[in-house]
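**Student:** any chance you can model this:
(one chain, ligands or ions: 2)
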Amino acid sequence: MGSKRTGADQHGPNLWTKQARIEEDGWTGPNERTFIAIKPDGVQRKLVGEIIGRFERKGFRLVALKFLQASEEQLMEHYIDLRNKPFYGGLIKYMSSGPIVAMVWQGLDVVKTARKMLGETNPADSMPGTIRGDYCVEVSRNVIHGSDSVESAQKEIALWFRQHELLCWEDNSDRWIYE
Ligand code: DAT
Ligand code: MG
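**Tutor:** Numbers count the residues shown, from 1 in each chain. Ligands and ions are numbered 1, 2, ... in the order given. Prediction:
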């Protein structure tokens, strides 16, 4: 060794981690993605670490994450299909009332599996062991959002993230998770 590292070296890829790059792959198989958001009540109730931990331990891969307070406009777009529901106004207010954690997770059947991990929309219908079954009580304070189909996931990810915010990185546990 002995040679002095240049600035470029220090910030570039090293032996252990491939430099993250913008993901351009398709959405099938292990590349399927879903949009997950920890709602303002989940943040206030200190569930961020617990919820992220569940997705990590399951074996899904984190592709993007940000902490933000969403505008009513963005939330109205996100929940556009519910615009005629009586709870729509209250839902937009609650979701914009404090910071949320917006994430993209990737893996085989991640959309369907994440919905199972969340539980039912109403916490009272959610099995213990699910996030909503374990951590909340009322439907209008159900701590987490997850896309309900691959098509919604694509729309939601495009609404909440820019392409360059979605990172492709080499996950060293992949060979223990996929055959
Ligand atoms: P999910 O979040 O399980 O996909 P959804 O898309 O039907 O459920 O509704 C979006 C959110 O709206 C839901 O997470 C909580 C709120 N919501 C749904 N039904 C409600 C109701 N009957 N009263 C109050 N809020 C409700
Ligand atoms: Mg929904």
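
**Student:** got the residues of this protein near ligand 1?
**Tutor:** When proximity is defined by C-beta under 6 Å from any ligand atom, the chain lies next to ligand 1 at 82, 87, 91, 121, 139-140, 142, 145, 148. Placement of C-beta: from N, CA and C, glycine included.

**Student:** could you redo the last one with a cut-off of 5 Å?
**Tutor:** Within reach of ligand 1 by C-beta under 5 Å from any ligand atom, the chain has these residues: 87, 91, 121, 139-140, 142.

**Student:** may I ask which of those residues has the most neighbours?
**Tutor:** Per-residue neighbour counts (other C-beta atoms under 10 Å) across the residues of the chain next to ligand 1 peak at residue 142, which has 22 neighbours.

**Student:** so who does that one touch?
**Tutor:** With contacts defined as C-beta atoms under 8 Å, 6 or more residues apart in numbering, the neighbours of residue 142 are 39, 41, 121-123, 132, 136.

**Student:** only whichever of the residues you listed are buried, select them in ChimeraX.
**Tutor:** Listed next is the ChimeraX selection for buried residues among those, using 16 or more other C-beta atoms under 10 Å:
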select :39,41,123,132,136
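
**Student:** looking at the contacts of residue 142, which is nearest ligand 1?
**Tutor:** Set against ligand 1, the nearest of those by C-beta to the nearest ligand atom is residue 121 (3.4 Å).
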